[in-house]
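Asks: coords below, sequence missing:
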């Protein structure tokens, strides 16, 4: 036991004073009598007690004073030296999902080790948990001890665990505990404690899937890159299944660490659904990279309406017929009470909020907008070479006899004309809510040679697809592990290092001394 | 832990000349009243001889002198009886003195009137009887002393004045008394502050047929104590102390307890077939005839 302020023990000098004060006063008159027994009997008959000095009462009072003085001096019991903080570095990279010989993943074993060990760490030790790999998470205190929201192992280990552990270990009073499978080709941390969760073995992976979608057509091409990280060549089964007309399966011979590309020409189901690619290799320890999944939207069967003014030619109707035939839709009359999938507008004025409905408008102005003015002989200057609408199309032969100024709403242009040296949009896309978009051209089909261009059908179909927005795009559901997390053939070298004993806190004895002093005072009330 | 005996107050001279004159006067009056015995004849008798007129039997009790068993009565009845002799024929007396420190209490100290009373009774015995034995338990070489003849009165006074303060009780002295044989009469001078301690000696003396007279000099505070205030009361014999505040209620209760003590003392002597003579202790310088009238009236040496 040590005292924070030993000089305060001088307060013990109050004990002799208490002793002096506790003495009963000495009577001034002394009487000798042979009848002392009668005096005592008289006292007893009157139920009186003579004032006397009680040794026990004084001892309890002195004890209380001594304990109070001791508490005043700040007595403490020094704790055991050791770290007072624990930084847990948890490898949560994708390779931690690999199964070990016992069938359990390294991640499960790591979290089990944490759940077993953290409750044994003294409560006064601050615990910080760093989840390295994938999104970096940091938990502190009770959240770290409870392992809140650790998620699943995913992503690449973008942090060097050795450096991370060394940095954390350099903090004063901190102990580091790294839990890793040692994969990734990096050296194991040497600072602090270490638990190596070995899960080495063969692994086959779907590295990448390239999808050529011809929506709204049912044709669908897949290019699947697969690889096997094995010690010897092997045969893997590659299956494509889900929202396709005929599931496909191939036996693929894979050389160690060599990438192989398999091409599948598929026909998707009109109802859409999940499309899955799976590779199966005997002895595969990492299942997370064996599957690729995507959600295919249903194929449209739209009702296509045509709105054309009196001066419009037959191009809009012909284009609608061609589009309907291609996408499996139908051309309907533009009646007000019939819902339509997409509207082709040729000239005139329409009650259509840009971006609010799927529409492809040619030279049509918005009702209520300013009067359009003719723009004779506009020269096409350029088009968007990277955009989804015009990428890969050749519009250099597009010639326009007339266009209209003021018919285009505010939107994203993808076709421009040279207007006296100024790039002026000739066509824009207006994106609305829910992925719906409308495509607007500043000229009518009959005012140029666009319907005659070879790129027109594809431009029209792309405009149709664009009007469906994100609803037409497949959504990939799975995320493939990074390249560095796939090769699990080599087990990490290195032994586990145990945690050091933690510091025990300094025990403050002052409250106990105060308690004992109060107990002595309370006990004194019962002593006569 | 035993209490330390307190220092005792110094006592005045017990037998000043005025007292000695009074004592001689008292002895002279007593001798004239009863008639002078033949001193020489008495001197020839053994001081502690057993003699007297047979007055009856009583059943034998454990501790009785075997020489006193009446074997003829045993032959007749098969029961053991001892012979009882007439006490008046005994010609000696004994003074049994309490010399404990408790006698130093009081104003005047009780020891002074006690010694003076013993001197008067002893003087009477020397004048009228064949001998006098003074027993002072615990006094060492002075524990037992025999005096003969009235001429030994100065010697008796000197002996009494020389007696120390002792801590012994009367049990040993009574045992010695019984072993040597009974004197005619036993005069026991004490404050009898603890009656229960006197019970066994009294009954032992009674069983042997002794005639015991208790002499208790009474002080004013024995009946009507007047303490007040915050006092420390000490028993001079044991050194035990008691510190207490004294009020009227306590004084009343103390008087009641002292009255109960006096009643116990009286009952003790009555049950033992003995007399307890209380006399009011006179002032130290009071040597008048009235101060000692109680001895002339009630002393039967």
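Replies: That came through, no problem. Please read all numbers here as calculations on a predicted model, not as lab measurements.
Asks: Helices of the stretch 51-200 of chain B, residue ranges please.
Replies: Here the stretch 51-200 of chain B has its helices, by DSSP state H, counting those that start in this stretch, at B:71-77, B:111-128, B:153-162, B:171-180, B:195-207.
Asks: buried ones in the first one?
Replies: Of all the residues in helix B:71-77, those buried under the rule 16 or more other CB atoms under 10 Å in any protein chain shown are residue B:73. Every C-beta, even on glycine, is put in place using the N, C-alpha and C of the backbone.
Asks: Do any residues in stretch B:105-118 lie close to chain A?
Replies: Yes: using CB under 8 Å from any CB of the partner chain, stretch B:105-118 reaches chain A at B:105-106, B:110.
Asks: Let's have these in JSON lines, adding neighbour count.
Replies: Output for those, formatted as JSON lines (neighbours: other CB atoms under 10 Å in any protein chain shown):
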{"residue": "B:105", "neighbour count": "26"}
{"residue": "B:106", "neighbour count": "24"}
{"residue": "B:110", "neighbour count": "26"}
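Asks: Closest to residue B:93 out of these?
Replies: Using CB to CB, residue B:110 comes nearest to residue B:93 of those, at 22.2 Å.
Asks: for the closest one, what are its contacts?
Replies: A:34, B:102-104, B:191, B:217, B:219, B:281 (CB atoms under 8 Å, 6 or more residues apart in numbering or on different chains).
Asks: Could you save those as JSON lines and add columns showing neighbour count?
Replies: Output for the contacts of residue B:110, formatted as JSON lines (neighbours: other CB under 10 Å):
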{"residue": "A:34", "neighbour count": "26"}
{"residue": "B:102", "neighbour count": "25"}
{"residue": "B:103", "neighbour count": "27"}
{"residue": "B:104", "neighbour count": "21"}
{"residue": "B:191", "neighbour count": "23"}
{"residue": "B:217", "neighbour count": "27"}
{"residue": "B:219", "neighbour count": "20"}
{"residue": "B:281", "neighbour count": "24"}
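Asks: among those residues, which two are most distant?
Replies: B:102 and B:281, at 14.5 Å, using CB to CB across the contacts of residue B:110.
Asks: can you tell me which of the helices of the stretch 51-200 of chain B comes nearest to residue A:118?
Replies: helix B:195-207 (79.8 Å).
Asks: Now do that closest one and helix B:171-180, the angle between them.
Replies: 0 degrees (axes from the mean of the first three to the mean of the last three CA atoms, to 10 degrees).
Asks: Centre-most residue in chain B?
Replies: residue B:188 (1.5 Å; CA atoms, centre = their mean).
Asks: Who are the contact partners of it?
Replies: B:96, B:98, B:170, B:198, B:212-215.
Asks: circling back: of the residues of stretch B:105-118 next to chain A, just say which sits nearest to residue B:242.
Replies: residue B:105 (13.5 Å).
Asks: my guess is that closest one meets residue A:36, correct?
Replies: No: between residue B:105 and residue A:36 no contact is recorded; they are 9.5 Å apart, counting by CB atoms under 8 Å.
Asks: quick one, what contacts the residue lying closest to residue A:426 once chain neighbours are set aside?
Replies: Distance criterion CB to CB, 6 or more residues apart in numbering or on different chains; nearest residue to residue A:426, sequence neighbours excluded, is residue A:415 at 4.4 Å. Applying CB under 8 Å, 6+ apart, one finds that residue A:415 lies in contact with A:380, A:382-384, A:390, A:395, A:425-427, A:441.
Asks: can you check residue A:148 too?
Replies: Applying CB under 8 Å, 6+ apart, the residues near residue A:148 are residue A:139.
Asks: Now name the helix or strand holding the residue minimising distance to the centre of chain A.
Replies: For chain A, residue A:135 is the residue whose C-alpha lies nearest the centre (CA atoms, centre = their mean; 5.9 Å). Element membership of residue A:135, judged by DSSP states H and E, is empty: it is in no helix or strand.
Asks: Just grab the bridge partners of the residue nearest to residue A:242 when sequence neighbours are not counted for me.
Replies: Closest residue to residue A:242 apart from its sequence neighbours, by CB to CB, 6+ apart: residue A:275 at 4.2 Å. Judged by DSSP bridges, the bridge partners of residue A:275 are residue A:242, residue A:294.
Asks: is it true that residue A:275 touches residue A:294?
Replies: Yes: here residue A:275 lies in contact with residue A:294, judged by CB under 8 Å, at a distance of 4.9 Å.
Asks: which of the two has more neighbours?
Replies: Neighbours per residue (other CB atoms under 10 Å in any protein chain shown) separate residue A:275 from residue A:294, with residue A:275 holding more: 25 against 21.
Asks: Read off the pLDDT value for the more buried one.
Replies: Turning to residue A:275, the model gives it a pLDDT of 93.
Asks: mind listing what it touches?
Replies: A:220, A:240-244, A:268, A:293-296, A:474.
Asks: State the number of residues packed around residue A:219.
Replies: 12.
Asks: what does chain B have sitting close to chain A?
Replies: Counting by CB under 8 Å from any CB, the residues of chain B close to chain A are B:6, B:9, B:102-106, B:110, B:191, B:193-194, B:221-222, B:227, B:229-238, B:240, B:242-245, B:249-250, B:253-254, B:256-258, B:260-261.
Asks: From these, keep the buried residues only.
Replies: Buried among these (16+ other CB under 10 Å): B:6, B:102-106, B:110, B:191, B:193-194, B:221-222, B:227, B:231-238, B:240, B:242-244, B:250, B:253-254, B:257-258, B:261.
Asks: what's whatever residue of the stretch 1-150 of chain B ends up closest to chain A in contact with, if anything?
Replies: Closest residue of the stretch 1-150 of chain B to chain A, CB to the nearest CB: residue B:102 (3.5 Å). Contacts of residue B:102 were listed using CB under 8 Å, 6+ apart, and they are A:34, B:110, B:191, B:193, B:235-237.
Asks: How about residue A:297?
Replies: Per CB under 8 Å, 6+ apart, neighbours of residue A:297: A:215, A:272, A:471-474.
Asks: any idea which of those has the most stuff around it?
Replies: Neighbour-wise, the contacts of residue A:297 (other CB under 10 Å) top out at residue A:215, 23 neighbours.
Asks: Against residue A:461, how distant is it?
Replies: 9 Å (CB to CB, to the nearest Å).
Asks: Also residue B:59?
Replies: 153 Å.
Asks: Looking at these two, which has the bigger crowd around it?
Replies: Between residue B:59 and residue A:461, counted using other CB under 10 Å, residue A:461 has the larger neighbour count: 18 against 9.
Asks: distance between the helix or strand hosting that one and the chain's centre?
Replies: Per DSSP H and E, residue A:461 falls inside helix A:456-468. Once both centres are worked out by CA atoms, centre = their mean, to the nearest Å, helix A:456-468 turns out to sit 36 Å from its chain's centre.
Asks: Over to stretch B:178-198?
Replies: 6 Å.
Asks: Residue B:69 pairs with what?
Replies: Counting by DSSP bridges, the residues bridging with residue B:69 are residue B:82.
Asks: can you pull the contacts of it?
Replies: By CB under 8 Å, 6+ apart, residue B:69 lies in contact with B:60, B:80-83.
Asks: just those now: which is nearest residue A:511?
Replies: Nearest to residue A:511 among the contacts of residue B:69: residue B:60, at 79.9 Å, using CB to CB.
Asks: what number of residues lie near residue A:312?
Replies: Residue A:312: 21 neighbours (other CB under 10 Å).
Asks: Revised request: answer the last question for residue A:247.
Replies: Residue A:247: 11 neighbours (other CB under 10 Å).
Asks: now residue A:231
Replies: Residues contacting residue A:231 under the criterion other CB under 10 Å number 11.
Asks: Check the helices of the stretch 51-200 of chain B for me and report the most buried one.
Replies: Most buried of those by mean neighbour count (mean count of other CB atoms under 10 Å in any protein chain shown) is helix B:111-128; its value is a mean of 25.
Asks: by how many degrees do it and helix B:153-162 diverge?
Replies: 150 degrees.
Asks: Lovely, talk soon.
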